[in-house]
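Q: what's the 3D shape of this:
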Amino acid sequence: MASDNYEAIIGLEVHTHLATRAKLFCGCSTAFGAPPNQNICPVCAGMPGTLPVLNRGAVELALRVGLAMSCEIAFESVFARKSYFYPDLPKGYQITQYELPLCRGGRVELPPDREGRSRTVRLTRIHLEEDAGKNIHTGGASLVDLNRAGVPLLEIVSEPDLRTAQEAGAYLRELREILRYTGASDGRMEEGSLRCDVNVSVRPAGSEQYGVKVEIKNLNSFRFVERAIEYEVGRQIEALAAGATLTQETRLWDAGRSVTRPMRSKEFADDYRYFPEPDLPPLVVAPAWVAQVRAKMPELPAERRTRFTRELGLGPYEAGVLTQQRELADYFEALAAQVTNRRSAANWVMTEVLRFANESNKPLAEAVSPAVEAAALLRMVEAQQISLNAAKTAFAALCAGWQKGEHKSATDLVAELGLTQVSDEAEIAAACDRLLASESVKVAEYRAGRDKLFGFFVGQVMKAMGGRANPKVVNQVLRRKLQS
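A: This next block holds a predicted model:
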């Protein structure tokens, strides 16, 4: 497959649930996980004669996202009806925005990769719409759950600026973090609150003309997005290289077989018979409201990365990892403010804190003990009161207790576990003497030139003293005794 002769053109349409307690046009709950068809009413169930009432909170969250992504905010936008038939769409149409969306243009700055390269992905538009319900196929029957019908959705449409599956994954991760930093969405792909449709085409390298676009629907994990793009790009290149003609279509990702498969021919805008929603007036957003939302905007991931590198002396990679989650960045800042070595704080968060958070599969605040306790451990390491390994042991015990609701202090736990570091030279010298006396053969070999045995001696002394000996003092005492 001569992939070097072709270029992939990739654009993403991301749909995210907004973090409101009520649906977009009624007061029904948006809570995830309720029994089927419990969070519904005549409005979101599409009963005749019902009228929608717009949720102001959803509009404000949409404004936050638009401002975070440098969009042009439309002070007047219009809702439209998008007509199509599907069992989970009870009205026979979806209320969305079409010609006059709330947010136009915009961009997403991708974090630098390991080589320091960054990308800007342009946006076409961001608009509000309602979600459909959910079809459930089980036991030979097809059932419909309307709990999700009417949940507020934000659709974020990118320009076709992406060229690889990896860039698409980086764009999605950055987008999710912006949504989380602004409080607009929890971004939980496993619950369907963040979904992605991918538009993929290929063209000969150097060509300015776009190829035939294929849409891949409803991908619900970053890994599936990347794998689906890689497969589809390869499929299209093979077809073109063989002289086949591609058709514009919608395809589904088959995760079991790791392939895309045809779903239907691609619809065009005219197929949906868009027209202005007669039951809703134009959405008028006052400039003063936009100014209020802008004034309350939090620091965003890109801004925080820049500050971490400029003010805290971190490298681009470290800053990128630490700002992937707002909670993680907050934890790091709280820790770094209480220790002298900010880089050691960064390394601690990227290794120990992230490890326990990932292993527990819980939110950060529930998975690890507070930053004040981690800071206490690092200060003990700096003061040579405990070793780094002892600090890791203590932190593991702190986190295990925290997850059970046991809130011990780092100082108490270090004492309880007997982890205080021994720096007394006489005590360490005695342990070294005992070891060297029991290993006379290896001592002779070391003195005859087997320098690598030194690590063995250090390890044995540390083991004999329960890992509590100060490694620096152990090294000094051993070298002196082995040279005498």
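
Q: If you count neighbours, what's buried in stretch 212-220?
A: Residues 212, 214-217, 219-220 are the ones in stretch 212-220 that count as buried (16 or more other CB atoms under 10 Å). Every residue, glycine included, has its C-beta placed from N, CA and C.

Q: same deal with stretch 56-69?
A: Under 16+ other CB under 10 Å, the buried positions of stretch 56-69 are 58-69.

Q: Also stretch 82-102?
A: Going by 16+ other CB under 10 Å, stretch 82-102 has these buried residues: 82, 88-91, 93-98, 100-102.

Q: ok so, going back, let me have the buried residues of stretch 56-69 in JSON lines, extended by pLDDT, secondary structure and distance to Ala346.
A: Shown next, in JSON lines, are these (pLDDT from 0 to 100; DSSP: H, G, I helix; E, B strand; the rest coil; distance: CB to CB, whole Å):
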{"residue": "Ala58", "pLDDT": "98", "secondary structure": "helix", "distance to Ala346": "37"}
{"residue": "Val59", "pLDDT": "98", "secondary structure": "helix", "distance to Ala346": "38"}
{"residue": "Glu60", "pLDDT": "98", "secondary structure": "helix", "distance to Ala346": "34"}
{"residue": "Leu61", "pLDDT": "98", "secondary structure": "helix", "distance to Ala346": "31"}
{"residue": "Ala62", "pLDDT": "98", "secondary structure": "helix", "distance to Ala346": "34"}
{"residue": "Leu63", "pLDDT": "98", "secondary structure": "helix", "distance to Ala346": "34"}
{"residue": "Arg64", "pLDDT": "98", "secondary structure": "helix", "distance to Ala346": "29"}
{"residue": "Val65", "pLDDT": "98", "secondary structure": "helix", "distance to Ala346": "29"}
{"residue": "Gly66", "pLDDT": "98", "secondary structure": "helix", "distance to Ala346": "32"}
{"residue": "Leu67", "pLDDT": "98", "secondary structure": "helix", "distance to Ala346": "29"}
{"residue": "Ala68", "pLDDT": "97", "secondary structure": "helix", "distance to Ala346": "25"}
{"residue": "Met69", "pLDDT": "97", "secondary structure": "coil", "distance to Ala346": "27"}
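
Q: Counting neighbours, what do you get for Gln166?
A: Neighbourhood size, Gln166 [other CB atoms under 10 Å]: 13.

Q: Spit out the contact partners of the closest residue to Ala19 other than its chain neighbours.
A: Distances taken as CB to CB, 6 or more residues apart in numbering place Ser185 nearest to Ala19, at 5.5 Å, with adjacent residues excluded. Contact partners of Ser185, counting by CB atoms under 8 Å, 6 or more residues apart in numbering, are 16-19, 61, 154, 176, 179, 193-194.

Q: same thing but 7 Å
A: 16-19, 179, 193-194 (CB atoms under 7 Å, 6 or more residues apart in numbering).

Q: Kindly provide the distance from it to Leu194.
A: 7 Å (CB to CB, to the nearest Å).

Q: any residues in contact with both of the two?
A: Thr16.

Q: ok so, going back, out of the buried residues of stretch 82-102, give me the two with the largest separation.
A: The distance between the two most remote of these (CB to CB) is 26.6 Å, for Asp88 and Leu100.

Q: hang on, His15 packs against Arg195?
A: Yes: in this structure His15 lies within contact range of Arg195 using CB atoms under 7 Å: 4.8 Å.

Q: Okay, domains of this protein per the record?
A: 3-292, 299-417, 425-483 (automatic domain parsing).

Q: now, which of the buried residues of stretch 82-102 sits nearest Val368?
A: For the buried residues of stretch 82-102, the nearest to Val368 is Leu102 (38.3 Å; CB to CB).

Q: nearest spatial neighbour of the closest one, skipping sequence neighbours?
A: In space, Leu102 is closest to Ser77, 4.6 Å off (CB to CB, 6+ apart).

Q: so what's that neighbour up against?
A: By CB under 7 Å, 6+ apart, the neighbours of Ser77 are 97, 100-102, 282-283.

Q: and the gap between Gly459 and Thr420?
A: Gly459 is 20 Å from Thr420, by CB to CB.

Q: Comparing those two, which shows the higher neighbour count?
A: Thr420 (14 against 11).

Q: which residues does that one contact?
A: Per CB under 7 Å, 6+ apart, neighbours of Thr420: 385-386, 414, 468.

Q: which of those residues lies closest to Arg343?
A: Ile386 (19.2 Å).

Q: give me the element that closest one is part of.
A: Using DSSP states H and E, Ile386 sits within no helix or strand.

Q: again with Asn37
A: Applying DSSP H and E, one finds Asn37 in no helix or strand.

Q: Can you read off the pLDDT for Ser3?
A: pLDDT recorded at Ser3 is 68.

Q: which residue is nearest the centroid of this protein?
A: Residue closest to the average C-alpha location in the chain (CA atoms, centre = their mean): Arg173, at 4.9 Å.

Q: so what's that one closest to, chain neighbours aside?
A: Phe222 (6.5 Å).

Q: List the buried residues in the longest helix belonging to the chain.
A: Looking across the chain with DSSP state H, the single longest helix is helix 222-241. By neighbour count on 16+ other CB under 10 Å, the buried set for helix 222-241 is 222, 224-233, 235-237, 240.

Q: can you check stretch 196-215 too?
A: 196-203, 211-212, 214-215.

Q: Strands - which of these land there?
A: 196-203, 214-215 (DSSP state E).

Q: what about the lowest-mean-pLDDT helix or strand in the chain, distance to the chain center?
A: None of the helices or strands of the chain scores lower by mean pLDDT, DSSP states H and E than strand 259-265, at a mean of 85. Once both centres are worked out by CA atoms, centre = their mean, to the nearest Å, strand 259-265 turns out to sit 28 Å from its chain's centre.

Q: now stretch 28-40
A: With CA atoms, centre = their mean, you get 26 Å for stretch 28-40.

Q: do the same with stretch 141-151
A: On CA atoms, centre = their mean, the centre of stretch 141-151 falls 27 Å from that of its chain.

Q: Next, the buried residues of that stretch.
A: 144-151.

Q: Out of those, name the ones that lie in strands.
A: 144-145.

Q: and stretch 232-252, average pLDDT?
A: Mean predicted confidence for stretch 232-252 is 92.

Q: just stretch 446-465 next, same as before
A: On average, stretch 446-465 scores 88.

Q: CA atoms of the helix or strand harbouring the residue nearest to the centre of the chain as PDB?
A: Using DSSP H and E, Arg173 falls within helix 165-181. Output in PDB follows, covering the C-alpha atoms of helix 165-181 (Å, rounded to 0.1, in the frame of the first residue of the first chain):
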ATOM      1  CA  ALA A 165      -5.300   9.400  13.600                       C
ATOM      2  CA  GLN A 166      -2.900  10.600  16.300                       C
ATOM      3  CA  GLU A 167      -3.700  14.200  15.700                       C
ATOM      4  CA  ALA A 168      -7.400  13.400  15.800                       C
ATOM      5  CA  GLY A 169      -6.800  11.700  19.200                       C
ATOM      6  CA  ALA A 170      -4.900  14.700  20.500                       C
ATOM      7  CA  TYR A 171      -7.600  17.100  19.300                       C
ATOM      8  CA  LEU A 172     -10.300  15.100  21.100                       C
ATOM      9  CA  ARG A 173      -8.400  14.900  24.300                       C
ATOM     10  CA  GLU A 174      -7.700  18.600  24.300                       C
ATOM     11  CA  LEU A 175     -11.400  19.300  23.500                       C
ATOM     12  CA  ARG A 176     -12.600  17.100  26.400                       C
ATOM     13  CA  GLU A 177     -10.300  18.900  28.800                       C
ATOM     14  CA  ILE A 178     -11.600  22.300  27.700                       C
ATOM     15  CA  LEU A 179     -15.100  21.100  28.200                       C
ATOM     16  CA  ARG A 180     -14.200  19.800  31.700                       C
ATOM     17  CA  TYR A 181     -12.200  23.000  32.700                       C
END
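
Q: Okay then, goodbye and thanks.
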